[in-house]
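Trainee: Mind folding the following:
(2 chains)
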Number of protein chains: 2
Amino acid sequence: MFRHVVLFTWIADATEEQKATVEASLKELPGVIPEIRAYNIGGDAGVNPGNYEFAVVADFDSVDGYVVYRDHPAHRAVIDDTITPIVANRVAVQYSY
Amino acid sequence: MFRHVVLFTWIADATEEQKATVEASLKELPGVIPEIRAYNIGGDAGVNPGNYEFAVVADFDSVDGYVVYRDHPAHRAVIDDTITPIVANRVAVQYSY
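Mentor: Prediction:
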């Protein structure tokens, strides 16, 4: 499998509604991007201090499937409309396993 | 499931041998910590610029299983002996899905 992992923090002014919209919008993507094999996202559970705030873990058969997802217009729209307005920090890794 | 995600960058002086030792040492943990349900790790594939360098994604039945892993002596030994000497940046999220 080929896995895409991205972790975010949000700006201090981000509202709970905006954060919920990010999550809801991302959760629609597996229904419109068939290359996605698994898609599990969520907000930090608060177990440890100093964590980032939100995680996206997406699995694909190969790097090609990931690139379809990365560049898909539905995904780009979620980024532009819901994530970019509230993101403070973003770190990512893609890896094969 | 309860998922632990952590992404790292390494110091510039980290050797390939040191990075390989991190990966090999972590891969022994599922054999000694039965609470681990899935454990998929790897170095960044180099598809995108600006990424972090290494990912660990571990799944547990619940937060309790994660805490067993977090605090397990075998895990702490891997952190102390192989990760701490070469880590530059570390970001993490734990979340339920």
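
Trainee: which parts of chain A sit against chain B?
Mentor: A:1-3, A:5, A:7, A:40-45, A:47-48, A:51-55, A:57, A:63, A:66-67, A:70, A:89, A:91-97 (C-beta under 8 Å from any C-beta of the partner chain). Backbone N, C-alpha and C define where each C-beta goes, glycine included.

Trainee: Mark which of the residues you listed are part of strands, please.
Mentor: Counted as lying in strands by DSSP state E, out of those, are A:2-3, A:5, A:7, A:40-43, A:54-55, A:57, A:89, A:91-96.

Trainee: Spatially central, which residue of chain A would that be?
Mentor: A:Val56 (3.8 Å; C-alpha atoms, centre = their mean).

Trainee: State the pLDDT value of it.
Mentor: Looking at A:Val56, its pLDDT is 98.

Trainee: what about A:Gly50, how many neighbours?
Mentor: Using other C-beta atoms under 10 Å in any protein chain shown, A:Gly50 has 7 other residues around it.

Trainee: still on that earlier bit, out of the residues of chain A next to chain B, which are buried?
Mentor: A:2-3, A:5, A:7, A:40-45, A:47, A:51-55, A:57, A:63, A:66-67, A:70, A:91-95 (16 or more other C-beta atoms under 10 Å in any protein chain shown).

Trainee: Tell me, what's the model's pLDDT at the residue lying farthest from the centre of chain A?
Mentor: In chain A, counting by C-alpha atoms, centre = their mean, A:Pro49 sits farthest out from the average C-alpha position, at 21.3 Å. Per-residue pLDDT puts A:Pro49 at 97.

Trainee: distance of it from chain B?
Mentor: Look at A:Pro49 and chain B: by C-beta to the nearest C-beta, to the nearest Å, they are 11 Å apart.

Trainee: now do A:Lys27
Mentor: 11 Å.

Trainee: neighbours around that residue, how many?
Mentor: A:Lys27: 13 neighbours (other C-beta under 10 Å).

Trainee: Likewise for A:Asp13?
Mentor: 9.

Trainee: residues in contact with it?
Mentor: Applying C-beta atoms under 8 Å, 6 or more residues apart in numbering or on different chains, we find A:Asp13 in contact with A:Ile86.

Trainee: I'd say A:Ile83 and A:Trp10 touch.
Mentor: No: counting by C-beta atoms under 8 Å, A:Trp10 is not a contact partner of A:Ile83; they are 9.2 Å apart.
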